[in-house]
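# pasting the structure only:
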């Protein structure tokens, strides 16, 4: 019985009261009121029972119940992902925003410079309270790019980039290591109240000239497939007999992962970022698609569409692959998110026809749109197109169902607000030891001595005087690379907590050994003949995406000069810090020993562990090392394969007992 019906019944009953004895009338009336109030209470109780808020209800029942209650504006809000600099509790509430992201670790994207975990938690919770204060109280999902650890946050553990992790092979590969790295990264994300990670990148880099090559584990899809074990590290192991393609997140210590960037961006012409990949469907299925199939099998929650084109068609507008193949053929049940301003780039130049871009992107199958700027324009445009049935309501409902599915699976409806219970996990010693292990296993020894019977490594810890030189010896920013503190990375040691390779060397050698550091030493120092050996650490400066595209893949100056000057007069080990194989052949004859350290992250002690023989070299190249850039692209199995160091190469040295 509705409240209005009860009120009418009470009014109709009142005239009857005058004809009854007082006692009977009072007793009857009171009984009537009790019955009516009981009906009213039952009616309200039934009306207030929201199945979507009941965790005991089946997942699809909860989704169906919430979908029935949602208006169009609430649905479109769920499809909208905005950047923190534009977000506030009021904005999130007003526009029913489905997701907020931090695009960097400073400025408005972070709660403040060198902000502790507590400040991040409070920032995320403030925005979440805006979402919870909406009519239906749908929680928003907060995301960040933690592609090699929680690298935008001060004091976080920063692991080696994927280019290094891909070489962590012994008999074949060590996927268990990346799974542990995923679990540690999830804990550090949760320490700051963030439950969503735009990682892992699972592109297959076929040309090192590509600026994102360091985000790729290997040129070999088999290695990239194995490394998708980072997904159950981030999210947890999917339960036995779970439905194929359904996302899974195993509680408050895990996070939703995002496999990026779908699909084929590692094979663009000349390695140009956001360019066109020309390949037939068989090639796509054999090289670039397999890691996504594995990611879906492992319950990945979300997949990000790439900027690149496939045979001339922008991936953000590719319905055949996003909807027909990814969603329908592979049965992916999570949600598809666009890249940063991804739909803007459907046209060339970007935003040349924004209405078309919105239409093409949503109809292709993109569920959540990352719009760092002008998000109200997106909301308005999508609303108009839905009202005009340019985009059918069924497409909107599909997108929102997928978004809600992930949010329910994550437990956001039960635990929308973060706490400080995991704050001590940020940069914990256990995680730093794991990162140090990863550094040790990611190093590749490419040369050891100018002749086979005169190895230089392992280096003696006890020596009279040792020279350390190079631009990358004492620079954590260079050591970590891009996607660290900021998108393009940083230089220096102020904003990152860790151990530089220089300090690691100082800790590793005997107390009696003098370590002299000169970034670019003068010739009179080099000619003094006082050094037992020199360690030269050079490489690339940080970059990301298009800003890392390179046609020459050269060592950053004055690196080449330092190599020539030092190695000409002193027995030298050159450690290359880079996001990919780079041009080293011109200097190779002068170098006594050569180590590729890739982008090792914060734990430089892992380099010293192997350099001085406490641990052995085990890493094997997961990317072909070219002689000349003119050979590129060149991958193992190609008919013109003539590398400087072939795929799978790496000298093995056992640990040395005593130094």
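Sure thing, it's come through. Everything numeric here is computed off the predicted structure, so don't read it as measured data. Numbering: from 1, shown residues only.
# Could you list the low-pLDDT ranges of the stretch 551-659 of the chain?
For the stretch 551-659 of the chain, the stretches flagged by pLDDT under 70 are 658-659.
# residues in contact with the nearest residue to residue 541 once chain neighbours are set aside?
With C-beta to C-beta, 6 or more residues apart in numbering as the criterion, residue 541 has its nearest non-adjacent residue at 5.1 Å, and that residue is residue 556. C-beta: built from backbone N, CA, C; applies to glycine. Each residue near residue 556 by C-beta atoms under 8 Å, 6 or more residues apart in numbering is listed here: 471, 538-541.
# and which of the residues you listed is nearest residue 503?
Minimum distance to residue 503 across the contacts of residue 556 is 15.7 Å, recorded for residue 471 (C-beta to C-beta).
# Surely that closest one touches residue 536?
No. Between residue 471 and residue 536 there is no contact under C-beta atoms under 8 Å: 9.7 Å.
# neighbour count winner among these two?
residue 536 (26 against 23; other C-beta atoms under 10 Å).
# Surely residue 552 and residue 583 touch.
Yes. Using C-beta under 8 Å, residue 552 makes contact with residue 583 at a distance of 6.7 Å.
# Mutual contacts of those two, please.
Joint contacts of residue 552 and residue 583 (C-beta under 8 Å, 6+ apart) are residue 629.
# And the two? Which one has more around it.
Neighbour count, other C-beta under 10 Å: between residue 552 and residue 583, residue 583 has more, with 18 against 9.
# Which helix or which strand is home to the more buried one?
Assigned by DSSP states H and E, residue 583 falls within no helix or strand.
# likewise residue 575?
Using DSSP H and E, residue 575 falls in strand 572-577.
# on that earlier part again, list the residues that contact both of residue 471 and residue 536?
Taking C-beta under 8 Å, 6+ apart as the criterion, residue 471 and residue 536 both touch residue 562.
# Other residues contacting stretch 106-116?
In contact with stretch 106-116 (C-beta under 8 Å, 6+ apart) are residues 83-85, 102-104, 119-120, 122-123, 152-155, 423, 485-486, 495.
# buried residues in it?
106, 109-111, 115-116 (16 or more other C-beta atoms under 10 Å).
# Farthest pair within those residues?
109 and 116 (16.0 Å).
# Below-threshold pLDDT in this structure: ranges please.
Across the chain, residues meeting the criterion (pLDDT under 70) sit at 1-48, 169-173, 658-659.
# same thing but 90
For the chain, the stretches flagged by pLDDT under 90 are 1-49, 107, 113, 169-175, 241-244, 372-373, 450-453, 528-529, 656-659.
# Quick check, central residue of it?
Taking C-alpha atoms, centre = their mean as the criterion, residue 199 is the residue nearest the geometric centre of the chain, at 2.5 Å.
# and that residue, what is it in contact with?
Applying C-beta under 8 Å, 6+ apart, the residues contacting residue 199 are 145-147, 185, 230, 234, 257-258, 260.
# likewise residue 469?
517-521, 534-537, 562, 566 are the contacts of residue 469 under C-beta under 8 Å, 6+ apart.
# By neighbours, which of those residues wins?
Across the contacts of residue 469, neighbour numbers were computed from other C-beta under 10 Å; residue 537 holds the maximum, 30 neighbours.
# helices or strands up against the strand or helix carrying that one?
Using DSSP H and E, residue 537 maps to strand 533-539. Judged by 3 or more C-beta pairs under 8 Å, 6 or more residues apart in numbering; DSSP states H and E, strand 533-539 is in contact with strand 465-469, helix 501-508, helix 559-569, strand 572-577.
# Contact partners for residue 383?
Taking C-beta under 8 Å, 6+ apart as the criterion, residue 383 is in contact with 72-73, 76.
# Can you go through those residues and name the buried ones?
residue 76.
# So which of the contacts of residue 383 are in helices?
Per DSSP state H, helices hold the following members of the contacts of residue 383: 72-73, 76.
# For residue 614, list the residues it contacts.
Neighbours of residue 614 in contact, by C-beta under 8 Å, 6+ apart: 508, 655-656.
# please redo it, this time with the cut-off set to 10 Å
440, 458, 461, 508, 605, 608, 655-657, 659 (C-beta atoms under 10 Å, 6 or more residues apart in numbering).
# One more: residue 64?
Counted by C-beta under 10 Å, 6+ apart, residue 64 has contacts 51-52, 57-58, 401, 404.
# ok, which stretches of the stretch 201-350 of the chain are strands?
Taking DSSP state E, counting those that start in this stretch as the test, the strands found in the stretch 201-350 of the chain are 258-262, 276-277, 302-305, 309-310, 313-314, 335-337.
# got these as TSV, with mean neighbour count and distance to residue 90 columns?
As requested, these are arranged in TSV below (neighbours: other C-beta atoms under 10 Å; distance: least, C-beta to C-beta, whole Å):
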stretch	mean neighbour count	distance to residue 90
strand 258-262	26	27
strand 276-277	20	42
strand 302-305	26	27
strand 309-310	24	39
strand 313-314	19	35
strand 335-337	27	24
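# Confirm the residue nearest to the centre of the chain sits in a strand?
No. With DSSP: H, G, I helix; E, B strand; the rest coil as the criterion, residue 199 is coil rather than part of a strand.
# before we move on, the earlier item: I'd like to know which of the contacts of residue 614 are buried.
Among those, those scoring as buried are 440, 458, 461, 508, 605, 608, 656 (criterion: 16+ other C-beta under 10 Å).
# if you look at the residues you listed, which of them are in helices?
Counting by DSSP H, the part of these found in helices is 440, 508, 605, 608.
# rewinding a little: make CSV out of the strands of the stretch 201-350 of the chain and add distance to residue 204.
Output for the strands of the stretch 201-350 of the chain, formatted as CSV (distance: least, C-beta to C-beta, whole Å):
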stretch, distance to residue 204
strand 258-262, 11
strand 276-277, 11
strand 302-305, 15
strand 309-310, 14
strand 313-314, 19
strand 335-337, 20
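# returning to what we had before: okay, among the contacts of residue 614, which ones form the most distant pair?
Most distant of those, by C-beta to C-beta, are 605 and 657, 19.7 Å apart.
# Wait, residue 201 touches residue 165, no?
No. Between residue 201 and residue 165 there is no contact under C-beta atoms under 10 Å: 11.2 Å.
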